[in-house]
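Visitor: Okay, sequence plus prediction incoming.
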Amino acid sequence: MEETEAVEEDRPSHLRAYVTVLAASLLHMSSGAVTGWSSPILPKLNLTSNEQSLVGSLYSLGAAPGPFIITFGIDTIGRKGTIYVFWACFLLSWIILVASQNLYVIYVARLIGGIGVGGASAGIPVYISEIALPEIRGSLGAMSLLALGFGTLVMFGFGPYITYTSLALYGLAMAAVFGVFFYFVPESPYYYCKKGRRNEAQYAIQKLRGYKTQEKLDEELAQIERAILFEKENASSFLEAIRQPVALKALGIGIFIVAIQQSQGVNPINAYNQMIFEHAQLNFPASYVPVIYLFIGTAFLILPVLMINKCLGVKTAYILSGFGTSISLVLLGVYFYMINSGGVNMHDYSYISVVFLTLLSLFSHLGIAPLTWPIVAEILPLSVKGVCTGICGCISSLIGFLYLAMFPNIAQDYGYSTDFFGFAAILFVSTTIAIFIIPDTTGKTLQEIQELLAE
């Protein structure tokens, strides 16, 4: 009787889960640093608009193959081993930037850093999903987004006030911190079980959960082995699985919503923020704007996870986010149009531009920013999830590269208002279409979602 009660009370440690996920999420700080690096650096470099566009956008091109490398690497060298490969890309990128300010060397460093960004965005969620406790998975996922925002915030906050080399050293330091802390977390027990390394899987589970009894440890190990067995028994070739109407429909929706995410214009705003607001007739330094914008957006990340999605539902939050963000883009477009084409002096009212930018950040984080990839993961059938997630990630990166590359050139020829109006139009039309094609996954099991897609 006492032994039974001990087993029932032997619950996994939430603290261990949080610490492990925090260590893994530190890699997202490097992703945030890479994406935000160009905003404070471009004003320090004497570049043409074409050169600026390449410095700002090449990381997104580099990110394109990351999801596919993850797909084939996680089952060969393991989750940790694959993640360390992308960590090495971050290290190499920052070392190159520390060593040289040559423009073509910067291009190479941005491409290499982008490979790290693509790998981190695909690899860390895989690791977290396999080691996280179901009851706290949502809050654990939020930690990754917070780490991403923090990395960008460091670039925005310190970049304008320190040298080119010093900022690269900050990025290198963030990458080094991840390498140290991630060394102490265990490999995913799923990987060990797939390789038949049962003893190592037991060790990993114990380190992750801190069980007091062998019974609970064996119980979780058995659950993992059953899941892997089920996956093997139901395995089919990708070409066979993708021919199924549900799989094709899910892939189409996945590609569509990652395109919506890129059409918010958030990545170009992050990459060129300081340059944009140097043209906004501000009565305070333009370097303040990205810090205010990102700080509020990062703080707001917690709200969708803990409250908004539960109150509104996934689809409603996503649609409201799309329309709200498009309206915010229109407001920013009107502001810059009044300056560039209307000849209006906005110096005394320049705070309005920051208000509009903050609204954009808030509406983005209401739904599209935190929900896009969870929706993709939920709607894709298990049989095609790995490859199709890679396809969605690759297309997302290529669309992002296109937008990032076009943004400064359009701004130079037609003004920043054209950029913002263009993003607003694309996002408004896309969100309207999304009303009719995106399923509401709120409160549904993965099986129920597949049945909904089959209707």
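Guide: Yep, that arrived.

Visitor: The stretch 201-350 of the chain: helices as residue ranges?
Guide: Ranges of helices in the stretch 201-350 of the chain, per DSSP state H, counting those that start in this stretch, are 214-233, 238-242, 245-262, 266-277, 288-300, 302-303, 309-312, 314-340.

Visitor: Now do the phi/psi pair for Asp419.
Guide: Main-chain dihedrals, Asp419, degrees, to the nearest 10: phi -60, psi -50.

Visitor: which residues sit against stretch 345-354?
Guide: With contact meaning Cβ atoms under 8 Å, 6 or more residues apart in numbering, stretch 345-354 is reached by 277, 280-284, 289, 292-293, 332, 335-336, 338-339. C-beta here means a position set from N, CA and C on the backbone, and glycine is covered the same way.

Visitor: ok, 10 Å please
Guide: Applying Cβ atoms under 10 Å, 6 or more residues apart in numbering, the contact partners of stretch 345-354 are 276-277, 280-284, 286, 288-289, 292-293, 296, 331-332, 334-336, 338-339.

Visitor: which of the residues you listed are buried?
Guide: Among the contacts of stretch 345-354, those classed as buried by 16 or more other Cβ atoms under 10 Å are 276-277, 280-282, 286, 288-289, 293, 296, 331-332, 335-336, 338-339.

Visitor: Relative to Val105, how far out is the closest residue to Phe150 other than its chain neighbours?
Guide: Nearest residue to Phe150, sequence neighbours excluded (Cβ to Cβ, 6 or more residues apart in numbering): Met29, at 5.8 Å. From Met29 across to Val105, the span is 24 Å (Cβ to Cβ, to the nearest Å).

Visitor: Show me which of the two is the more surrounded one.
Guide: More neighbours surround Met29 than the other of Met29 and Val105, with 26 against 13 (other Cβ atoms under 10 Å).

Visitor: In the stretch 201-350 of the chain, where is pLDDT below threshold?
Guide: For the stretch 201-350 of the chain, the stretches flagged by pLDDT under 70 are 234-238, 298-310, 342.

Visitor: mind listing the helices in the stretch 351-455 of the chain by residue range?
Guide: Going by DSSP H, counting those that start in this stretch, the stretch 351-455 of the chain shows helices at 351-366, 368-379, 385-414, 416-437, 446-454.

Visitor: from the ones you listed, which stretch is densest packed?
Guide: helix 368-379 (a mean of 22; mean count of other Cβ atoms under 10 Å).

Visitor: Quickly find the element holding the spatially most central residue of the chain.
Guide: The residue lying closest to the centre of the chain (Cα atoms, centre = their mean) is Ser121, at 5.4 Å. Assigned by DSSP states H and E, Ser121 belongs to helix 103-131.

Visitor: the inter-axis angle of that helix versus helix 368-379?
Guide: Counting by axes from the mean of the first three to the mean of the last three Cα atoms, to 10 degrees, helix 103-131 lies at 50 degrees to helix 368-379.

Visitor: tell me the angle of the very next helix or strand once past helix 103-131 relative to helix 288-300?
Guide: Proceeding N to C from helix 103-131, the next assigned helix or strand is helix 137-158, under DSSP H and E. Interaxial angle, helix 137-158 versus helix 288-300 (the same axes, to 10 degrees): 170 degrees.

Visitor: Can you name every helix or strand that helix 137-158 contacts?
Guide: Where contact means 3 or more Cβ pairs under 10 Å, 6 or more residues apart in numbering; DSSP states H and E, helix 137-158 is packed against helix 14-36, helix 38-41, helix 103-131, helix 164-182, helix 266-277, helix 288-300, helix 302-303, helix 368-379.

Visitor: Give me the local confidence score for the residue nearest to Phe150.
Guide: pLDDT recorded at Met29 is 93.

Visitor: which residues does Ile437 contact?
Guide: Ile437 makes contacts with Lys249, Gly252, Ile253, Phe256, Ile257, as judged by Cβ under 10 Å, 6+ apart.

Visitor: so what's the third one up against?
Guide: Residues in contact with Ile253 (Cβ under 10 Å, 6+ apart) are Ile375, Val376, Ile379, Leu380, Cys392, Ala434, Ile437, Ile438, Pro439, Leu453.

Visitor: returning to what we had before: how about the helices of the stretch 351-455 of the chain in a markdown table, adding mean pLDDT?
Guide: Listed next are the helices of the stretch 351-455 of the chain as a markdown table, based on pLDDT from 0 to 100:
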| stretch | mean pLDDT |
| --- | --- |
| helix 351-366 | 89 |
| helix 368-379 | 82 |
| helix 385-414 | 91 |
| helix 416-437 | 96 |
| helix 446-454 | 79 |
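
Visitor: Please tabulate these in TSV, including the columns distance to Tyr183.
Guide: Shown next, in TSV, are the helices of the stretch 351-455 of the chain (distance: least, Cβ to Cβ, whole Å):
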stretch	distance to Tyr183
helix 351-366	32
helix 368-379	27
helix 385-414	26
helix 416-437	41
helix 446-454	33
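
Visitor: Nearest to Ile41, out of those?
Guide: Across those, Ile41 has its closest neighbour in helix 385-414 (13.6 Å, Cβ to Cβ).

Visitor: could you check the angle helix 266-277 makes with the closest one?
Guide: 20 degrees.

Visitor: Between helix 14-36 and helix 385-414, find me the angle.
Guide: Going by the same axes, to 10 degrees, helix 385-414 makes 40 degrees with helix 14-36.

Visitor: Off-centre distance for helix 385-414?
Guide: Relative to its parent chain, helix 385-414 has a centroid offset of 14 Å by Cα atoms, centre = their mean, to the nearest Å.

Visitor: and what of stretch 208-225?
Guide: Counting by Cα atoms, centre = their mean, stretch 208-225 comes out at 31 Å from the chain centroid.

Visitor: Show me what that stretch is in contact with.
Guide: Applying Cβ under 10 Å, 6+ apart, the contact partners of stretch 208-225 are 3-4, 6-17, 19-20, 130-133, 185-186, 188-190, 192-194, 198, 201-206.

Visitor: What are the buried residues along it?
Guide: By neighbour count with 16+ other Cβ under 10 Å, stretch 208-225 contains the buried residues Leu208, Arg209, Gly210, Tyr211, Lys216, Leu217, Glu220, Leu221, Ile224, Glu225.

Visitor: Same question for stretch 145-163.
Guide: Those would be 145-157, 159-160, for stretch 145-163 by 16+ other Cβ under 10 Å.

Visitor: domain assignment for the chain?
Guide: The chain breaks down into these domains under automatic domain parsing: 11-185, 239-455.

Visitor: Those domains into a markdown table, with extra columns for distance to Phe230?
Guide: A markdown table is the format used below for the domains of the chain (distance: least, Cβ to Cβ, whole Å):
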| stretch | distance to Phe230 |
| --- | --- |
| domain 11-185 | 15 |
| domain 239-455 | 9 |
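
Visitor: show me the contacts for the residue nearest to Met338 when sequence neighbours are not counted.
Guide: Ranked by Cβ to Cβ, 6+ apart and with sequence neighbours excluded, the top spatial neighbour of Met338 is Val344, at 4.3 Å. If you count contacts by Cβ under 10 Å, 6+ apart, Val344 has them with Gln281, Tyr335, Tyr337, Met338.

Visitor: quick one: Val344 and Ala280, what's the gap?
Guide: Remark: distance between Val344 and Ala280 (Cβ to Cβ) = 12 Å.

Visitor: Thank you kindly, that will do.
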